[in-house]
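Undergrad: I would like the atomic coordinates for the input below:
(4 chains)
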Protein chains: 2
Amino acid sequence: MKPITLKQIAETLGISITTVSKALKDYPDVSKKTKALVKDLAQTLNYKPNSFAVNLRTKESKTIGLIVPEIVHHFFSSVIKGIISQAEKKGYLVITLQSNESYDLERKQIELLLNKRVDGILISLANQTADYNHLNAVMSNNTPLVMFDKIAKLVKCSKVLINDREAAYKATQHLIDTGCKKIAHFRGPLLPQNSIDRFLGYKKALIDNGITYDSSLVYILKDMSYEEGRFYAKKLVDEHEGVDGIFINTDLVAIGAITEFNSLKIKVPEDISVIGFSNWFMSSVISPSLTTINQPGFEIGKKAFKLLYKEINSKKNDKIINFKEVILDTQLVLRESTKS
Amino acid sequence: MKPITLKQIAETLGISITTVSKALKDYPDVSKKTKALVKDLAQTLNYKPNSFAVNLRTKESKTIGLIVPEIVHHFFSSVIKGIISQAEKKGYLVITLQSNESYDLERKQIELLLNKRVDGILISLANQTADYNHLNAVMSNNTPLVMFDKIAKLVKCSKVLINDREAAYKATQHLIDTGCKKIAHFRGPLLPQNSIDRFLGYKKALIDNGITYDSSLVYILKDMSYEEGRFYAKKLVDEHEGVDGIFINTDLVAIGAITEFNSLKIKVPEDISVIGFSNWFMSSVISPSLTTINQPGFEIGKKAFKLLYKEINSKKNDKIINFKEVILDTQLVLRESTKS
DNA sequence: GTTGTTTTCGAAAACGTTTTCGGTAAGAAT
DNA sequence: ATTCTTACCGAAAACGTTTTCGAAAACAAC
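TA: Reported below is the predicted structural model:
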């Protein structure tokens, strides 16, 4: 009934626990004969080392923590999948938590993970997060930390990113190239870096093309929902005339906007071109389908784990770890919501 | 640098480790004075018990395992969110794995989790799974197991379900009530129970309403993708005339079908009514919006964890555990893809 | 002053593993 | 026969906690 232990194997074989342990781990100072004996018995008894004991002894759990702002979200679930798949390959398991975009929760969960003594932590920050003590606590706790997507520039650790500014520039440039003159922008909350960068890319593209930047054409959204997309689309056409293009921070909001334009009989892209961000799966399905920027969630997840894995190993071997900042490529995905 | 231990507190206070441990856990046989002393020092030193040691000693990890067929999926990510949120309330962390709809992976991952000695396992089966030895292994390992959504009827354990047959009946009945006479069905693979049940509900509704069941109107899909939805929608109209209603196993496929109908200039719902299953978020966004069955993923997740939690506690107190089968309600969500 | 009771404490075992270090035996070399 | 290797094995400490059980101290009762 009770799980098999080294002790039991040792006793039935009439040898010491030490030798059993070493035999199973192929230590050179165990004879081939006893190794075979031990391994055979372990096999037939279906012996599995007690991970609790191994953890205690080796001080590592082969487990990492992951915090995302929201699980039910195409981009983040893709990232999660990327992380879990890569972690599994290296023998690591992943404990997932979600911050619900709340700073307080994020802090608590970091603490939870540290108390669990995970071998490393991956995190994408909550929008609310402006204070980085909890992140620095991770670092000073000597636990490897890698941030992705929503990062804090000021925290010294490895990061996996896309070039939001460049991508936004690319998107806006496309609108301009296809003839748009008066281009609005629906941006995310003020804090998160990628919301800022996308805005800056938008602004720079305008200026580089000799279009004067008009701050009243930039709307700051809060929860980035479908409903908000509809709401601000209506607000935009109420407050402005002749807007012929719009770059929207995220696909979901863009889909909301398109839906609203449809119901207002404003034609996309004839009257107004719309470009989103993320390449959410649904953006190819709606009508008109959404031109967008592809943000490779799965690859971001994989890369983030790979970085973390390296740092965990460097730490084990007492090597110094130098933080990396990996920038992944984005692609402009042309569809029907912009002119060609 | 190194984490604080009971030993250090004991030494600086000149008392025994035993007393420190007891003081922190409010044992009655420690004086108020020493309790205060210990707690104060623990506080200032920011002592956190070493979870590895606690695990080893108490033989529990306050961690559960979760296996889903696919993470990037609206329904499953909702379930995951429900599980994680509920688990956190009870002080449990969740290790998530995905089987990728593969039986072999599922087996390996069960083994991984058992070797990790999680306190319990939640699982939704892969479509391929037809053999239940790995699940029975969990039970005979005395690890609490709760299945949800895609379950195996033959495995004796607690389950969280919806009444798929009834829901499918409800959906089909709605098509009939709104005037459909020749109703097709896109079903999932042969094995999973809910795919079977939805088919049976569809069939029964037909028969109860005096419509003769025609097996050529039932299409068996494999990966339940958007593309498959489009493909079979085309196939359906190629092979049959006068089909005026279709009940589709899942929203994503239904959206594919609607898209195909749109592009074939077949009007939904005038020419053909479409009803999906799951109430995926996007189903309200496409045009025409999709009538569907609401499947409460978040609640399923919450309930599944609650059941597991009970079983874990029953096991701790050596109580007998009697397996429960919880059936959650579904709702017909009326939208534009069916007539009114 | 003895007995009995209550309060407070700590030694020690246990959980199951890993790893260091020393020791024995067998064989090789002289 | 003695020394030196080499091959093999095991005792024991360590990881940090929890819990049992006995003992000491303090106090009350007679």
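Undergrad: Show me the strands in chain A, by range?
TA: Assigned by DSSP state E, the strands in chain A fall at A:63-68, A:93-98, A:120-123, A:145-148, A:158-162, A:183-187, A:218-220, A:245-248, A:273-275, A:292-294, A:325-328, A:331-333.
Undergrad: deepest of those strands, which one?
TA: Each of the strands of chain A was scored by mean neighbour count; the highest is strand A:245-248, a mean of 29, by mean count of other CB atoms under 10 Å in any protein chain shown. No exception for glycine: its C-beta is placed from N, CA and C like everyone else's.
Undergrad: Quick check: which of the strands of chain A is nearest to chain B?
TA: Taking CB to the nearest CB, strand A:93-98 is the member of those nearest to chain B, at 4.8 Å.
Undergrad: Is it possible to get JSON lines of the strands of chain A that adds distance to chain B?
TA: As requested, these are exported to JSON lines (distance: least, CB to the nearest CB, whole Å):
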{"stretch": "strand A:63-68", "distance to chain B": "7"}
{"stretch": "strand A:93-98", "distance to chain B": "5"}
{"stretch": "strand A:120-123", "distance to chain B": "13"}
{"stretch": "strand A:145-148", "distance to chain B": "16"}
{"stretch": "strand A:158-162", "distance to chain B": "18"}
{"stretch": "strand A:183-187", "distance to chain B": "17"}
{"stretch": "strand A:218-220", "distance to chain B": "20"}
{"stretch": "strand A:245-248", "distance to chain B": "15"}
{"stretch": "strand A:273-275", "distance to chain B": "14"}
{"stretch": "strand A:292-294", "distance to chain B": "15"}
{"stretch": "strand A:325-328", "distance to chain B": "18"}
{"stretch": "strand A:331-333", "distance to chain B": "16"}
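Undergrad: Dump those to JSON lines, plus mean pLDDT.
TA: Below are the strands of chain A laid out as JSON lines (pLDDT from 0 to 100):
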{"stretch": "strand A:63-68", "mean pLDDT": "98"}
{"stretch": "strand A:93-98", "mean pLDDT": "98"}
{"stretch": "strand A:120-123", "mean pLDDT": "98"}
{"stretch": "strand A:145-148", "mean pLDDT": "98"}
{"stretch": "strand A:158-162", "mean pLDDT": "97"}
{"stretch": "strand A:183-187", "mean pLDDT": "98"}
{"stretch": "strand A:218-220", "mean pLDDT": "97"}
{"stretch": "strand A:245-248", "mean pLDDT": "98"}
{"stretch": "strand A:273-275", "mean pLDDT": "98"}
{"stretch": "strand A:292-294", "mean pLDDT": "97"}
{"stretch": "strand A:325-328", "mean pLDDT": "97"}
{"stretch": "strand A:331-333", "mean pLDDT": "96"}
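Undergrad: Redo those as JSON lines? Include distance to DNA strand D.
TA: As requested, those are arranged in JSON lines below (distance: least, CB to the nearest atom of the strand, whole Å):
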{"stretch": "strand A:63-68", "distance to DNA strand D": "17"}
{"stretch": "strand A:93-98", "distance to DNA strand D": "20"}
{"stretch": "strand A:120-123", "distance to DNA strand D": "19"}
{"stretch": "strand A:145-148", "distance to DNA strand D": "22"}
{"stretch": "strand A:158-162", "distance to DNA strand D": "27"}
{"stretch": "strand A:183-187", "distance to DNA strand D": "47"}
{"stretch": "strand A:218-220", "distance to DNA strand D": "47"}
{"stretch": "strand A:245-248", "distance to DNA strand D": "51"}
{"stretch": "strand A:273-275", "distance to DNA strand D": "54"}
{"stretch": "strand A:292-294", "distance to DNA strand D": "47"}
{"stretch": "strand A:325-328", "distance to DNA strand D": "34"}
{"stretch": "strand A:331-333", "distance to DNA strand D": "49"}
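Undergrad: Quick one: closest of these to A:F75.
TA: Smallest distance to A:F75 across the strands of chain A (CB to CB): 9.4 Å, for strand A:63-68.
Undergrad: Other residues contacting the lengthiest helix in chain A?
TA: If you go by DSSP state H, chain A has its longest helix at helix A:297-316. For helix A:297-316, the surrounding residues in contact (CB atoms under 8 Å, 6 or more residues apart in numbering or on different chains) are A:60, A:64, A:74-87, A:90, A:92, A:119-122, A:142, A:144-146, A:148-149, A:158, A:160, A:162, A:320-321, A:324, A:326, A:328.
Undergrad: For A:G120, give the beta-bridge partners.
TA: Using DSSP bridges, the beta-bridge partners of A:G120 come out as A:I64.
Undergrad: who touches it in this structure?
TA: Counted by CB under 8 Å, 6+ apart, A:G120 has contacts A:64-65, A:143-146, A:308-309, A:311-312.
Undergrad: how about 6 Å then?
TA: A:64, A:144, A:308, A:312 (CB atoms under 6 Å, 6 or more residues apart in numbering or on different chains).
Undergrad: wait, which of those is closest to B:T172?
TA: A:I64 (46.2 Å).
Undergrad: Now that that closest one has come up, it's in contact with A:K116, right?
TA: No. Taking contacts as CB atoms under 6 Å, A:I64 lies outside contact range of A:K116: 10.2 Å.
Undergrad: pLDDT score assigned to whichever residue of the stretch 201-340 of chain A sits closest to DNA strand C?
TA: Ranked by CB to the nearest atom of the strand, the top residue of the stretch 201-340 of chain A for proximity to DNA strand C is A:K316, at 10.7 Å. You'll see A:K316 listed with a pLDDT of 89.
Undergrad: ok, how many other residues are close to it?
TA: Counted by other CB atoms under 10 Å in any protein chain shown, the residues lying close to A:K316 total 12.
Undergrad: Check A:K156 too.
TA: What A:K156 shows, counting by other CB under 10 Å, is a neighbour count of 12.
Undergrad: Ramachandran coordinates for it?
TA: Dihedral pair for A:K156: phi -80, psi 100, per degrees, to the nearest 10.
Undergrad: measure it to A:V68 for me?
TA: Look at A:K156 and A:V68: by CB to CB, to the nearest Å, they are 22 Å apart.
Undergrad: and the residue in the stretch 101-250 of chain A positioned nearest to DNA strand C, what does it touch?
TA: DNA strand C sits closest to A:R117 of the stretch 101-250 of chain A, with a gap of 14.6 Å, by CB to the nearest atom of the strand. By CB under 6 Å, 6+ apart, the residues touching A:R117 are B:S51.
Undergrad: What are the boundaries of the helices in chain A?
TA: Remark: helices assigned in chain A by DSSP H are A:6-13, A:17-24, A:32-45, A:51-58, A:74-89, A:103-116, A:133-140, A:164-177, A:193-208, A:226-239, A:251-263, A:297-316.
Undergrad: okay, the ones you listed in JSON lines with distance to DNA strand D next?
TA: Formatted as JSON lines, the helices of chain A follow (distance: least, CB to the nearest atom of the strand, whole Å):
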{"stretch": "helix A:6-13", "distance to DNA strand D": "7"}
{"stretch": "helix A:17-24", "distance to DNA strand D": "4"}
{"stretch": "helix A:32-45", "distance to DNA strand D": "4"}
{"stretch": "helix A:51-58", "distance to DNA strand D": "4"}
{"stretch": "helix A:74-89", "distance to DNA strand D": "25"}
{"stretch": "helix A:103-116", "distance to DNA strand D": "11"}
{"stretch": "helix A:133-140", "distance to DNA strand D": "18"}
{"stretch": "helix A:164-177", "distance to DNA strand D": "42"}
{"stretch": "helix A:193-208", "distance to DNA strand D": "37"}
{"stretch": "helix A:226-239", "distance to DNA strand D": "47"}
{"stretch": "helix A:251-263", "distance to DNA strand D": "45"}
{"stretch": "helix A:297-316", "distance to DNA strand D": "16"}
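Undergrad: Go through those and name the closest to B:R187.
TA: helix A:74-89 (25.6 Å).
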